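>>> for reference, the sequence and a predicted model appear below.
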Protein chains: 2
Amino acid sequence: MTFQRSIYLTTIPIPEAVAAAKEALDRERLIRREVIPSHEALGRVTAGPIFSRYSSPTFHSAAMDGVAVNAETSFTAREGRPLELKLETDYRPVNTGHAMPEGTNAVIMIEQVVQVDDRTIAIEAPTFPWQHVRRIGEDIVATELLLPQNHRITPFDVGALLSAGIWEVEVWERVRIAFIPTGDEVLDFTTRPEPRPGQVVESNSQVFKALGESWGCVVSRTPPVRDELDALTKAVGKALEDAHIVVIGAGSSAGTKDFTRTVMETHGRILVHGIAAMPGKPSLLGEAGGKLLVGAPGYPVSAVICFEELVRPLAAWMGRHDPGTRPKVQVELTRKTPSKLGVQEFMRLAIGRVGAKWVATPLARGAGMITTLTKAQGIARIPMHSEGVEAGALLEAELLVLEAEMERTIVCVGSHDNTLDLLTNELMGLAEPFRLTSTHVGSMGGLTALRNGAAHLAGCHLFDPETADYNFPFLDKYLPGLDLLVINLAIRHQGLITAKGNPKGIRGVEDLARPDLTFINRQRGAGTRILLDHHLKQADIAPDSVKGYDKEEYTHMAVAVNVLSGAADCGLGIFAAAKALNLDFVPLARERYDLLIPRQFADDPKIATILKLIRSEALQAKIRDLGGYDTDLTGKEMTPELGLG
Amino acid sequence: MTFQRSIYLTTIPIPEAVAAAKEALDRERLIRREVIPSHEALGRVTAGPIFSRYSSPTFHSAAMDGVAVNAETSFTAREGRPLELKLETDYRPVNTGHAMPEGTNAVIMIEQVVQVDDRTIAIEAPTFPWQHVRRIGEDIVATELLLPQNHRITPFDVGALLSAGIWEVEVWERVRIAFIPTGDEVLDFTTRPEPRPGQVVESNSQVFKALGESWGCVVSRTPPVRDELDALTKAVGKALEDAHIVVIGAGSSAGTKDFTRTVMETHGRILVHGIAAMPGKPSLLGEAGGKLLVGAPGYPVSAVICFEELVRPLAAWMGRHDPGTRPKVQVELTRKTPSKLGVQEFMRLAIGRVGAKWVATPLARGAGMITTLTKAQGIARIPMHSEGVEAGALLEAELLVLEAEMERTIVCVGSHDNTLDLLTNELMGLAEPFRLTSTHVGSMGGLTALRNGAAHLAGCHLFDPETADYNFPFLDKYLPGLDLLVINLAIRHQGLITAKGNPKGIRGVEDLARPDLTFINRQRGAGTRILLDHHLKQADIAPDSVKGYDKEEYTHMAVAVNVLSGAADCGLGIFAAAKALNLDFVPLARERYDLLIPRQFADDPKIATILKLIRSEALQAKIRDLGGYDTDLTGKEMTPELGLG
């Protein structure tokens, strides 16, 4: 076979791609006007100016509860020289909102009125004309411009429209978008499929639907279309009958089965093939009969960039409203991050306020990882001309969560443990919930984060063979002078995770050099890897004799999944990970998993809350229920040379 | 009659009111769990932790289009020393997303492959294990915590849920709110009523519905209930059957027909009567069977404060999510604004960026004016302990519009003219639309705004009797040294607006002292008032001989409405205002209405756009179509002593 693929050689910046599409599209012809009831018009965009029919109020009315008078009759009233007024002749009781009785032009508040008898009151201060009176048209004047054209209707506008007697409004119809997932390997989520290797559950359509509806669009979806030119051509043709925008999901990369470009050219023409963005590069834009065609990448993060950066501004432009922007904060990047020259990179960030500043830890960069978006609090754009960002640099981040939520976020950077997920969930169940973001960079990575002021706490389980102590020898060495509170979260069991039934008969670390075994390792700096190295050394096994020693994973669960799938025969990890996937576990050691907390944060309500939670018997019982943990030390402050207690 | 009213003597701060309600309510019992499809779960809140069922990917898969190899076979490849690989033996073609074939662990990108023949390729660089391979669980690991409890589901979460094989999620049911409008004077908007004096169209329910739905609640509404104790008691009882929160609209002030408190006490108990807020003071909170009762004020702005400050946080708390916050900007207040001690005041602000700073002009403060919310770009909270804010002070404003929209806002402060509404609408129709906010404070107020750097432009029509010139004599006096571009917008006709048919036979200014005539004046500083004073002086008429001289309105249309309603017999105003309300017009003078623009803004794209628009024949034709305008000078730069040209 030979390779004949449509490789995109020139990519263009996003703003140019959007401009090219605006140039080619015909929104005047596409987007029609429609008349809808005003009280259902929230978020819709006016298709012409709206003038009020009624004034509001339509009459001079009392603005307070009290008595309506002609102000002139009150002029002689003074403190200590009360003036008596007679019902009907001089005053008329009114409530807020009442029309002012004929001949009156001021209201005296009820609080300033003394009742003398049934028909007589006394006042001790004069009033002046129009005091506490809402005059005709004070709020809205009939015939005046209430809303201009191309204005997006707010909740308050709905109130103003009804007050002004506008029962119906002419608005632009909603922009209709059809999403067509494609690919033989793509499974329809509505069938609740069980994916086999090579298959994936289609989910981009629903991310897109959620986004599109939040922009005010109507989004429809077809079941996945197989990689057949005719089928896709037909599906796009059908979608174009009604939709203003047709998005073809996946198939826009340079794969051999890439029909998207061909189909777009059958119905119309290509405008853009490839944008200077990462993720998102293999996005396609085209035009057919004045409508927009989009070829969206298949990877979820690439797809999101395509949706948000290309489709969103174009749909907003068609619908005559602002595309909307996310609030921004300035964040300090916690570690040096390279970026590719010539593309705008969208970096997902875990953000929290540590001390006085917002700190941001970059998450993984894979375009295939939707969880980098679910876990991120923000996104930074690294410009095209940049080769990367230094640690400590200030970046502008667009927020994916509310700022108030970020203020309640506890930033945990370091080693991963399943008890952190337990904590995360429990913290969200409190009356005043807190969010725990944990970025898994290993125990040593956690120390670095603490040194850089980039975390509230770090999970750490660094064993020092010389002293048989945990963490403290490393703190002395790497974080001298930093006053830390060291709180044990749990003692956990580490061991070799093997396939169910341990078919290869793995008994311990001494088997790892066996040529018939493939190992899966943890990343450099992980406490578990240091533990492994210690045991290898004790067993006198050279690391390079362990097959798979250089294959790294970042979490216990990822190690276990490798074993479950057969990609590896064993890996070192915690019992909980083996149990969760129903794998076998060969115990190797117990170790202390501590939380390191700069003492300056000890009084922070967030930290106080987490400590209180850790010290509760309820949480400790839940930790034990996970299996593979002891909680003898949980919640206690650790001191040097304590070891396992 | 006597006054027996429930006057709220003690009001409490908003946070205390919210805390009191949380204390009394029973969300554990009220808000139930429900299971819904994941792809319909956007914005819903998880009722428990969600663990993934599938890993994603579920297999090691190619991350690039290219060839899959065992990395070891590639190690000898070097630049200039190509290594040949054979199909099936050494390599297998793969596309992005494909499962890695057995025995392979790396992908070489298609761009780095040279096709030698049908079954042979050459590479010039080695690859390494797991290069361009997405490993099992890279994104999601089966059994891991995907989302914690009490987490609000985002578009990205929907994608993660489906990828993880979670087809259904357990969430908290939506908070259900019932709104019951009350009042004999209140008309049901669905009947498209024509309000008579004393009647108002009910609209708060729809503002509330729009707000509540944007918070994620389900909001229902009943038709207005009359001021009858039994009817209201019954309506509330019925609403409590299903809703978690019942809001009774209006009736919470100290009016004689105020049954709200009584009805709340019949069903439950009062928690809060009166909050230390303005607007919003007469808000009531109560509890019935663990559910929330709310007595909302009738005035639209008071009602909004009650909804947003009391109901929103409580509904969010019930639904276990963040109440949401608006983005904030720091703004400079353009004029001194007093505030009442002991209440938190919600000040509505027109905001725009003028030069380097955000400037904010306070809008009218009436609680009855919904348009202060539709016209505002932001709201500032003046704290309880403050007696007011000085001009130039910095305030934090919560934004009601997108910041991007504010960046496109032209701030106009000064005299009002209907041509400004025309401009406002036309600017919104441009391919790159601009928003014009015009605050009507009269010509002199406009000069002050320009002096304070508080506006991009000011509408001004100040006639100087001594020189018979417009504006320039005032600029020399009040704005010396400020380099202004003075552009004529129109020459307009001012005259006495009278009832249709001019029943009182008003011929001109000489009639204004007639005892049978009531006049309606414009506010101090208004160019129209200066014009009136000039004509009165020429006619030798003392202002205090004009009945109604001290009754002020702020716009031409408001003057016309006073005449239409019979509140006044005539007032001085522009022809357009008389025409709009089908009133008669006795011409008095032609005058120049100019826009004053600091020359430093002349190159600002916003100002350049407005100037281009004013100079277009299309706009000038629309100005003439209004009637009462000449456009001989429109768009031209004015110079001193030009007069009317």
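Looks like it arrived, so ask away.
>>> rest of the way, CA atoms for contacts and neighbours
OK.
>>> quick one: residues contacting A:Ala608.
A:Ala602 (Cα atoms under 8 Å, 6 or more residues apart in numbering or on different chains).
>>> distance of it from A:Val359?
Going from A:Ala608 to A:Val359 by Cα to Cα, to the nearest Å gives 21 Å.
>>> swap in A:Glu84?
Using Cα to Cα, we find A:Glu84 at a distance of 69 Å from A:Val359.
>>> of those two, who's got more company?
A:Val359 (26 against 16; other Cα atoms under 10 Å in any protein chain shown).
>>> where's the more buried one, which helix or strand?
strand A:357-362 (DSSP states H and E).
>>> which other residues reach that strand?
Contacts with strand A:357-362, where a contact means Cα under 8 Å, 6+ apart, come from A:329-335, A:337, A:347-353, A:439, A:454-455.
>>> so for chain A, the centremost residue is which one?
The centroid of chain A falls nearest to A:Leu400 when counting by Cα atoms, centre = their mean (3.7 Å).
>>> that one contacts A:Ala376, correct?
Yes: if you go by Cα atoms under 8 Å, A:Leu400 and A:Ala376 touch, sitting 7.2 Å apart.
>>> and the strands in the stretch 351-500 of chain A, which stretches?
Along the stretch 351-500 of chain A, the stretches classed as strands by DSSP state E, counting those that start in this stretch are A:357-362, A:378-382, A:388-389, A:394-399, A:409-414, A:435-440, A:458-460, A:463-464, A:469-470, A:484-498.
>>> deepest in the core, which of those is it.
strand A:458-460 (a mean of 31; mean count of other Cα atoms under 10 Å in any protein chain shown).
>>> now do that strand: which elements does it pack against?
strand A:409-414, helix A:442-451, strand A:584-598 (3 or more Cα pairs under 8 Å, 6 or more residues apart in numbering or on different chains; DSSP states H and E).
>>> any chance of the ones you listed in CSV, plus mean pLDDT and distance to A:Leu310?
CSV is the format used below for those (pLDDT from 0 to 100; distance: least, Cα to Cα, whole Å):
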stretch, mean pLDDT, distance to A:Leu310
strand A:409-414, 94, 31
helix A:442-451, 93, 36
strand A:584-598, 95, 43
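>>> list the contacts for the closest residue to A:Leu436 other than its chain neighbours?
Leaving out its chain neighbours, the residue that sits closest to A:Leu436 by Cα to Cα, 6 or more residues apart in numbering or on different chains is A:Ile410, at 4.7 Å. Listed by Cα under 8 Å, 6+ apart, the contact set of A:Ile410 reads A:Gly352, A:Phe434, A:Arg435, A:Leu436, A:Thr437, A:His456, A:Leu457, A:Lys606, A:Ile607.
>>> again, only this time at 10 Å
Shown in contact with A:Ile410 (Cα atoms under 10 Å, 6 or more residues apart in numbering or on different chains): A:351-354, A:424, A:427, A:434-438, A:455-457, A:606-607, A:610.
>>> swap in A:Gly290?
A:Gly290 makes contact with A:21-30, A:244-245, A:268 under the criterion Cα under 10 Å, 6+ apart.
>>> so where do the helices sit in the stretch 51-200 of chain A?
Counting by DSSP state H, counting those that start in this stretch, the stretch 51-200 of chain A has these helices, from start to end: A:155-163.
>>> also the stretch 301-450 of chain A?
In the stretch 301-450 of chain A, the helices defined using DSSP H, counting those that start in this stretch lie at A:312-318, A:371-374, A:403-407, A:418-427, A:442-451.
>>> anything in contact with each of A:Leu400 and A:Ala376?
Listed as contacting both A:Leu400 and A:Ala376 by Cα under 10 Å, 6+ apart are A:Arg348, A:Leu349.
>>> where does the stretch 251-400 of chain A come near chain B, residue by residue?
Residues of the stretch 251-400 of chain A found near chain B (Cα under 10 Å from any Cα of the partner chain) are A:251, A:253-257, A:298-301, A:304, A:317, A:320-328, A:364, A:366-375, A:400.
>>> filter these to the buried ones?
By neighbour count, with 16 or more other Cα atoms under 10 Å in any protein chain shown, these hold A:251, A:253-257, A:298-301, A:304, A:317, A:320-323, A:326-328, A:364, A:366-375, A:400 as buried.
>>> excluding residues flanking it in the chain, which one is nearest A:Asp139?
Residue nearest to A:Asp139 in three dimensions, not counting chain neighbours: B:Met369, with 4.7 Å by Cα to Cα, 6+ apart.
>>> ok so, going back, and the helices of the stretch 301-450 of chain A: which comes nearest A:Lys622?
A:Lys622 lies closest to helix A:418-427 among the helices of the stretch 301-450 of chain A, at 8.0 Å (Cα to Cα).
>>> is that closest one in proximity to chain B?
Yes: with Cα under 10 Å from any Cα as the criterion, chain B is reached by helix A:418-427 at A:Asn418, A:Leu420, A:Asp421, A:Leu422, A:Leu423, A:Thr424, A:Asn425, A:Glu426, A:Leu427.
>>> reformat those as TSV; add pLDDT, distance to A:Glu308 and neighbour count.
Converted to TSV, the residues of helix A:418-427 next to chain B look like this (pLDDT from 0 to 100; distance: Cα to Cα, whole Å; neighbours: other Cα atoms under 10 Å in any protein chain shown):
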residue	pLDDT	distance to A:Glu308	neighbour count
A:Asn418	87	34	18
A:Leu420	95	32	19
A:Asp421	93	30	20
A:Leu422	95	33	17
A:Leu423	96	33	21
A:Thr424	96	29	24
A:Asn425	97	30	24
A:Glu426	97	33	22
A:Leu427	97	32	23
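>>> what residues does the biggest helix by length in chain A touch?
Across chain A, the longest stretch assigned as helix under DSSP state H is helix A:229-242. Contacts to helix A:229-242, defined as Cα under 10 Å, 6+ apart, come from residues A:176-183, A:220-222, A:224-226, A:245-248, A:257-260, A:262-267, A:288-289, A:291-293.
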